[in-house]
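Engineer: My questions are about this predicted structure, shown below with the sequence.
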Amino acid sequence: MIHIRTFIGIDFSKECKEFISELQQRFRKYSVRGRWKRIENFHLTLKFLGEISTERKNQIDMAMSSICSAFRPFSLEIAKAGIFKGHDKIRVLWLGVGGELDALHRLAGSIDSSMSSLGFPPENRRYTPHITIGQDIVFECPFENIAESIGEISYGPIKVEKINLFKSEQIRNRRVYTIVSEYDLEGV
């Protein structure tokens, strides 16, 4: 039986990914070291699933099609940068989103609930939507100083019209995310 490592998320347009990449480069100038996400991997995770079989994928596809048929498209924007701290470094450097956050949170909650009924563990933490742009970062000065010098961050609107099931795999020592299913938001 074939198993794939998966998550449910929102993909971005080429233009949006280019904006994120340019912003990432501005932060990177201040770094001493870190692991930086590749442009093609920028996304917004809604639910991490882990390893699934082909049979499970079919169940997920049916559940996600049902969920997405009840949600109308909505808009987001990239609105800020932030960090999740680690012991001696920044564990995650991320971009936060604004826009129709109520719709995003309702969608994430519906997905979590539906996936829980399929046997996936429910989230114990509140959903914090973010786009990871770097991990294990050490900057040459405090993050707050860098954020201040970069200034206001604003990109959008980002029209969310579909949700994706992504496969995550390691290919030639690189993390590669591939869309394996798409679900249109069809609610009215």
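Structural biologist: Yep, it's here.

Engineer: correct me, but residue 27 touches residue 133?
Structural biologist: Yes - the pair residue 27 / residue 133 is scored as a contact, 7.1 Å apart, by CB atoms under 8 Å. C-beta coordinates here come from the backbone N, C-alpha and C atoms, glycine included.

Engineer: Show me what secondary structure element comes after the helix or strand where residue 145 lies.
Structural biologist: Element membership for residue 145, per DSSP states H and E: helix 143-150. Downstream of helix 143-150, the next assigned helix or strand under DSSP H and E is strand 155-160.

Engineer: before we move on, back to that, report all helices and strands that the helix holding residue 145 contacts.
Structural biologist: Applying 3 or more CB pairs under 8 Å, 6 or more residues apart in numbering; DSSP states H and E, we find helix 143-150 packed against helix 14-28, strand 74-85.

Engineer: Out of those, the one nearest residue 179 is which?
Structural biologist: helix 14-28 (13.7 Å; CB to CB).

Engineer: what is the orientation angle of the closest one with helix 143-150?
Structural biologist: On the basis of axes from the mean of the first three to the mean of the last three CA atoms, to 10 degrees, helix 14-28 is oriented at 120 degrees to helix 143-150.

Engineer: on that earlier part again, tell me what angle the helix holding residue 145 forms with strand 74-85.
Structural biologist: Angle, helix 143-150 to strand 74-85, by the same axes, to 10 degrees: 140 degrees.

Engineer: For helix 143-150, what does the pLDDT average out to?
Structural biologist: For helix 143-150, mean pLDDT rounds to 95.

Engineer: more neighbours, residue 27 and residue 133?
Structural biologist: Using other CB atoms under 10 Å, the more surrounded residue of residue 27 and residue 133 is residue 133, with 24 against 21.

Engineer: Okay, and that one sits in which element?
Structural biologist: Assigned by DSSP H and E, residue 133 belongs to strand 130-139.
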